[in-house]
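Undergrad: The sequence isn't on hand, but the structure is:
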DNA sequence: AACATTAACTAACAAGTGTTAGTTTTTTTG
DNA sequence: CAAAAAAACTAACACTTGTTAGTTAATGTT
């Protein structure tokens, strides 16, 4: 475990602040105060406020993308893949809750990287939908509206970061199990 | 159908802007431009930017509260009540999508009314949880973690406003049906 | 026509915004 | 210890923020 750089520390604290007030409402002076330094000193480590947001969001977005890649190259059926998607979201929500908050709430404030982010999200959803459609075709998944199912699952999974903190010390496996039970057993045939 | 006042028009347009950029990122000059007037002119109709946010959020929050009241005084079983909750969220999401966005994303920017809002939300969730717990006790609902079930349902229902616009002209009844199927049939015994 | 109301305007202010320039202090390294 | 690098500082900039004051134009009502 290498020690985090000063820059990483700033980005981490920024994510925490963004989570509670949103990107636009957090000023560089807020961030500096939270770091115990002056606003101008931040610029020894980071390029701009915008660059911080990019760091936070793109990092997580690519984590989801590579996670999905791993899932779809595996030799697994549709139900197993949905379970793996749940595990992917739980893992990221548990150890990057603050970053996830920014991704969910502040992606629209991305400037240069906005297009790239939207592309990643689009691809992710397309892969997700494909898994569902294949599952329905193969009669592994009940015949429901694929879009409604995907958005229902995604809504829950994307909101995980909001209430995981409330549940105290959540066992990663137990949570994945509870979610699989609720999200999947209802559509399982 | 009475004509909307100028103030209502301002609040409606503000909600639309808040939805796309968030409360903090929308300036009074943005709002004025969208209304085709100057920023100072807004103050002939509204008290402050904060008052607009309060109008938007408290209105919807009370709508949910009274909807929940109607549900829990009815002589219905737990599954029926969950279906009614789904219908409540669908109805509000369909005809107040923009206001819902503010409620979901900008509630933390409430000042005076923050405490009141949190109280309403707390009460709502307590009623929701009670319905689930009663359902499990009465063996109408499968034995799952009540909190996980509630947050799963609430996550989906609270995100409705995000993707209802994408589905084009959604039939209110069809959507409620699809959601009931996906959210409830899995936990039905 | 006279009046009252509604709704717009211009001009400005005080505070807050992200960021830069230049300098000094602290820490690390040879 | 001396040199280099990292990290902090003060001061200021150009611009934007919500909001107020005072005034003018448009609309509706006797």
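TA: Done, it's in. The structure presented is a predicted model; accordingly, all values stated were derived computationally and were not measured. Numbering: from 1, shown residues only, chains lettered A, B, ... in the order given.
Undergrad: Close to DNA strand C: what parts of chain A are there?
TA: Applying C-beta under 7 Å from any atom of the strand, we find that chain A lies next to DNA strand C at A:26, A:27, A:28, A:29, A:39, A:40, A:42, A:43, A:48, A:49, A:50. Glycine gets a C-beta too; all of them are placed from N, C-alpha and C.
Undergrad: Find the centremost residue of chain A, please.
TA: By C-alpha atoms, centre = their mean, chain A has its centre lying nearest to residue A:100, at 4.4 Å.
Undergrad: That one and residue A:164 touch, don't they?
TA: No: counting by C-beta atoms under 8 Å, residue A:100 stays clear of residue A:164, with 9.6 Å between them.
Undergrad: Give the residues shared as contacts by the two.
TA: Common neighbours of residue A:100 and residue A:164 (criterion: C-beta atoms under 8 Å, 6 or more residues apart in numbering or on different chains): residue A:93.
Undergrad: returning to that earlier point: relative to DNA strand C, how far out is the residue nearest to the centre of chain A?
TA: For residue A:100, the distance to DNA strand C equals 21 Å [C-beta to the nearest atom of the strand, to the nearest Å].
Undergrad: just residue A:102 next, same as before
TA: Residue A:102 sits at a distance of 14 Å from DNA strand C (criterion: C-beta to the nearest atom of the strand).
Undergrad: Touching, that residue and residue A:18? I think so.
TA: Yes: using C-beta under 8 Å, residue A:102 is in contact with residue A:18, at 4.7 Å.
Undergrad: quick one: common contacting residues for the two?
TA: With C-beta under 8 Å, 6+ apart, residue A:102 and residue A:18 have common neighbours A:53, A:56.
Undergrad: Adding pLDDT and neighbour count, write the residues of chain A next to DNA strand C out as a markdown table.
TA: A markdown table is the format used below for the residues of chain A next to DNA strand C (pLDDT from 0 to 100; neighbours: other C-beta atoms under 10 Å in any protein chain shown):
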| residue | pLDDT | neighbour count |
| --- | --- | --- |
| A:26 | 98 | 22 |
| A:27 | 98 | 13 |
| A:28 | 98 | 17 |
| A:29 | 97 | 12 |
| A:39 | 95 | 14 |
| A:40 | 95 | 10 |
| A:42 | 96 | 21 |
| A:43 | 97 | 11 |
| A:48 | 97 | 12 |
| A:49 | 98 | 17 |
| A:50 | 98 | 15 |
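Undergrad: hang on, the earlier thing: how about the residue nearest to the centre of chain A, secondary structure?
TA: Following DSSP: H, G, I helix; E, B strand; the rest coil, residue A:100 is assigned to helix.
Undergrad: tell me the SS of the nearest residue to it once chain neighbours are set aside?
TA: Leaving aside its sequence neighbours, residue A:100 sits nearest to residue A:161 (C-beta to C-beta, 6 or more residues apart in numbering or on different chains; 4.2 Å). Secondary structure for residue A:161, judged by three-state DSSP, is helix.
Undergrad: Just give me the neighbour total for residue A:161.
TA: 21 (other C-beta atoms under 10 Å in any protein chain shown).
Undergrad: can you check residue A:117 too?
TA: Close neighbours of residue A:117, defined as other C-beta under 10 Å, add up to 19.
Undergrad: show me the contacts for it.
TA: By C-beta under 8 Å, 6+ apart, the neighbours of residue A:117 are A:57, A:58, A:61, A:107, A:110.
Undergrad: host element of it?
TA: helix A:114-137 (DSSP states H and E).
Undergrad: and what of residue A:83?
TA: For residue A:83, the host element (DSSP H and E) is helix A:78-95.
Undergrad: Contacts for that helix, please.
TA: So helix A:78-95 is contacted by A:60, A:63-64, A:67-68, A:71-72, A:74, A:76, A:100, A:128, A:131-132, A:134-135, A:138, A:140-141, A:153, A:157-158, A:160-161, A:164, A:170, A:172, A:175-176, A:179-180, A:183-184, A:188 (C-beta under 8 Å, 6+ apart).
Undergrad: do stretch A:152-161 as well
TA: Stretch A:152-161 has contacts (C-beta under 8 Å, 6+ apart) with A:82, A:85-86, A:89-90, A:93, A:96-98, A:100-101, A:104, A:125, A:128, A:179, A:183, B:151-152, B:155-156, B:158-159, B:162, B:179, B:182-183.
Undergrad: what about burial for these, which qualify?
TA: Buried by 16 or more other C-beta atoms under 10 Å in any protein chain shown: A:82, A:85-86, A:89-90, A:93, A:96-98, A:100-101, A:104, A:128, A:179, A:183, B:151-152, B:155-156, B:158-159, B:162, B:179, B:182-183, out of the contacts of stretch A:152-161.
Undergrad: returning to that earlier point: out of the contacts of helix A:78-95, which touch DNA strand D?
TA: Okay, of the contacts of helix A:78-95, nothing touches DNA strand D (C-beta under 7 Å from any atom of the strand).
Undergrad: Among those residues, which ones are in helices?
TA: Secondary structure from DSSP state H places A:60, A:63-64, A:67-68, A:71-72, A:100, A:128, A:131-132, A:134-135, A:153, A:157-158, A:160-161, A:172, A:175-176, A:179-180, A:183-184 of these in helices.
Undergrad: buried set for the helix or strand of chain A with the lowest mean pLDDT?
TA: The weakest-scoring helix or strand in chain A, judged by mean pLDDT, DSSP states H and E, is helix A:172-184 (a mean of 87). The neighbour-count criterion (16+ other C-beta under 10 Å) identifies A:175, A:176, A:177, A:178, A:179, A:180, A:181, A:182, A:183, A:184 as the buried residues of helix A:172-184.
Undergrad: These into CSV, with extra columns for distance to residue B:119?
TA: Converted to CSV, those look like this (distance: C-beta to C-beta, whole Å):
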residue, distance to residue B:119
A:175, 28
A:176, 33
A:177, 33
A:178, 28
A:179, 29
A:180, 34
A:181, 32
A:182, 28
A:183, 30
A:184, 35
